[in-house]
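Asks: missing the sequence, but the structure's below:
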């Protein structure tokens with residue numbers, strides 16, 4: 001039986017496994033390796049803080065992921081398939097490693113975050129075309 005997400009170490013495992021899968025993915029991996037050229041030493045601790053706050057309400061994250069994704073969208077337009085694939089990989093990673101209340105919350109938060117991001121990015125795209 002798998003255990004639930006219980007602490008920062010579990011968050012780090014989840015995030016590390018998720019991004020390992022993302023970088024190998026045919027649909028979204030290129031965004032991180034070719035478009036953004038991600039600095040993993042900088043990015044991963046930010047994501048640990050983000051998910052630590054999302055699941056345990058620690059207050060460790062301060063940032064504006066929406067602005068970052070809008071900027072990314074300027075460089076390389078994002079669409080529904082990118083958000084859908086991100087969610088699929090995240091849910092798979094949670095399911096591969098954890099089960100329980102916090103694991104369910106992580107799944108719910110990922111789905112909600114992706115939906116809001118996608119909606120705002122698509123709305124932003126429409127607004128930019130109207131200008």
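Replies: Great, that's in hand. Everything quoted here is computed from the prediction, not taken from an experiment. Numbering: from 1, shown residues only.

Asks: distance from the helix or strand hosting residue 87 to the middle of the chain?
Replies: Using DSSP states H and E, residue 87 sits in helix 80-97. Between the centre of helix 80-97 and the centre of its chain there are 9 Å (CA atoms, centre = their mean, to the nearest Å).

Asks: again, but for stretch 74-94
Replies: Centre to centre, stretch against its chain (CA atoms, centre = their mean), the figure for stretch 74-94 is 8 Å.

Asks: and what of stretch 67-75?
Replies: With CA atoms, centre = their mean, you get 14 Å for stretch 67-75.

Asks: buried residues in that stretch?
Replies: 69, 70, 72, 73 (16 or more other CB atoms under 10 Å). Using the backbone N, CA and C atoms, a C-beta is placed for each residue, glycine as well.

Asks: now swap in stretch 73-93 and tell me
Replies: Within stretch 73-93, the residues that qualify as buried are 73, 78, 82, 83, 85, 86, 87, 88, 89, 90, 93, counting by 16+ other CB under 10 Å.
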